[in-house]
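Asker: what follows is a predicted structure for the sequence shown.
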Amino acid sequence: MDPVVEAIRQEFAAHADPELQERGQRFFKEEVRCYGMKTATAVSIAKEYWKEVKSREKQEVFGLCEELYSSGMMEEAFVVSAWAPLLADRYESGDIAVFRHWIETYITNWATCDGLCNHAVGDYIVRYPEAVDELKRWTQSTNRWMRRAAAVSLVVPARRGEFLNEVFKIAGLLLTDTDDMVQKGYGWLLKEASRKHTDRVFSYVMANKREMPRTALRYAIELMPKDLKAEAMKKDW
């Protein structure tokens, strides 16, 4: 075990709170393994140890991330979510394979999925926009977290008004997905896109609301004016 990983685990163990551990489980349908601490505490510890690893080669840091993921502990996954975006200026086109492997192998809940994808994968897509085709392939995976990742990886750029056509394409590929975690993921993506493109997202929702699960629809229209919400929620077919 790398000494930095060992030190992080010791510090997490020292902060472990059984009450927070039990309380944290309430946010997840699936069982999660965690030390039991506030996310902000875990992220603060991650930032401190970043100072010790940032001078290492990127592939070595990726190796540390893999070691952290392999424990299955949620707070250790949060360290990866904190570190990986800090490597963005060193990303290379082939790094999407690393992210895909992590999602397929280690991601088991919405928090670790969104933590990695919102920033690390999203930053990668901004740097290599042609890789959005990879996200489209993820929509066809049998792994629910790969499918959610396809949507939530574009959340941050969509919030800025970017990748709108790709947002619609990914939403379309996930439109009738029966998994609620996937429905919430692409509904959230549409919601963020609506910040800058309310009319176009509203038109998309209206054109697809017959097939769109109500969970996804409610997420998609959350930020819209009341009159548009009411129109979108009508069952007028």
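Answerer: Great, that's in hand.
Asker: next one: stretch 206-224 to chain centre, how far?
Answerer: Distance of stretch 206-224 from its chain centroid, counting by C-alpha atoms, centre = their mean, to the nearest Å, is 20 Å.
Asker: helix or strand for residue 149, which one?
Answerer: In this assignment (DSSP states H and E), residue 149 forms part of helix 144-152.
Asker: quick one: distance of that helix to the chain centre.
Answerer: Distance, centroid of helix 144-152 to centroid of chain: 7 Å (C-alpha atoms, centre = their mean).
Asker: counting by contacts, list what that helix packs against.
Answerer: helix 96-106, helix 110-116, helix 132-138, helix 164-174, helix 180-193 (3 or more C-beta pairs under 8 Å, 6 or more residues apart in numbering; DSSP states H and E). Every residue, glycine included, has its C-beta placed from N, CA and C.
Asker: got the contact list for the residue nearest to the spatial centre of the chain?
Answerer: Nearest to the geometric centre of the chain sits residue 114, at 2.0 Å (C-alpha atoms, centre = their mean). For residue 114, the contact set (C-beta atoms under 8 Å, 6 or more residues apart in numbering) comprises 152, 155.
Asker: list the buried residues of the helix or strand of the chain with the lowest mean pLDDT.
Answerer: Taking mean pLDDT, DSSP states H and E as the measure, helix 18-24 is the helix or strand of the chain with the lowest mean score, a mean of 86. Residues of helix 18-24 classed as buried: 21, 24 (neighbour count, 16 or more other C-beta atoms under 10 Å).
Asker: give me the distance from that helix to the chain's centre.
Answerer: Distance of helix 18-24 from the chain centroid (C-alpha atoms, centre = their mean) equals 23 Å.
Asker: mean confidence score for the helix or strand that contains residue 48?
Answerer: Element membership for residue 48 (DSSP H and E) is helix 39-53. Computed over helix 39-53, the mean pLDDT rounds to 96.
Asker: got it, and stretch 129-145?
Answerer: In the prediction, stretch 129-145 has an average pLDDT of 98.
Asker: hey, C-alpha coordinates of it in PDB?
Answerer: C-alpha atoms of stretch 129-145 as PDB (Å, rounded to 0.1, in the frame of the first residue of the first chain):
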ATOM      1  CA  PRO A 129     -15.500  17.200 -27.200                       C
ATOM      2  CA  GLU A 130     -15.300  14.500 -29.800                       C
ATOM      3  CA  ALA A 131     -15.400  12.000 -26.900                       C
ATOM      4  CA  VAL A 132     -19.100  12.800 -26.400                       C
ATOM      5  CA  ASP A 133     -19.600   9.800 -28.700                       C
ATOM      6  CA  GLU A 134     -18.200   7.700 -25.900                       C
ATOM      7  CA  LEU A 135     -20.900   9.000 -23.600                       C
ATOM      8  CA  LYS A 136     -23.500   8.000 -26.200                       C
ATOM      9  CA  ARG A 137     -22.100   4.400 -26.100                       C
ATOM     10  CA  TRP A 138     -22.400   4.400 -22.400                       C
ATOM     11  CA  THR A 139     -26.200   4.900 -22.700                       C
ATOM     12  CA  GLN A 140     -26.400   1.300 -24.100                       C
ATOM     13  CA  SER A 141     -24.600  -0.300 -21.200                       C
ATOM     14  CA  THR A 142     -26.300  -2.900 -19.000                       C
ATOM     15  CA  ASN A 143     -24.600  -1.100 -16.000                       C
ATOM     16  CA  ARG A 144     -27.000   1.500 -14.600                       C
ATOM     17  CA  TRP A 145     -24.100   3.600 -13.400                       C
END
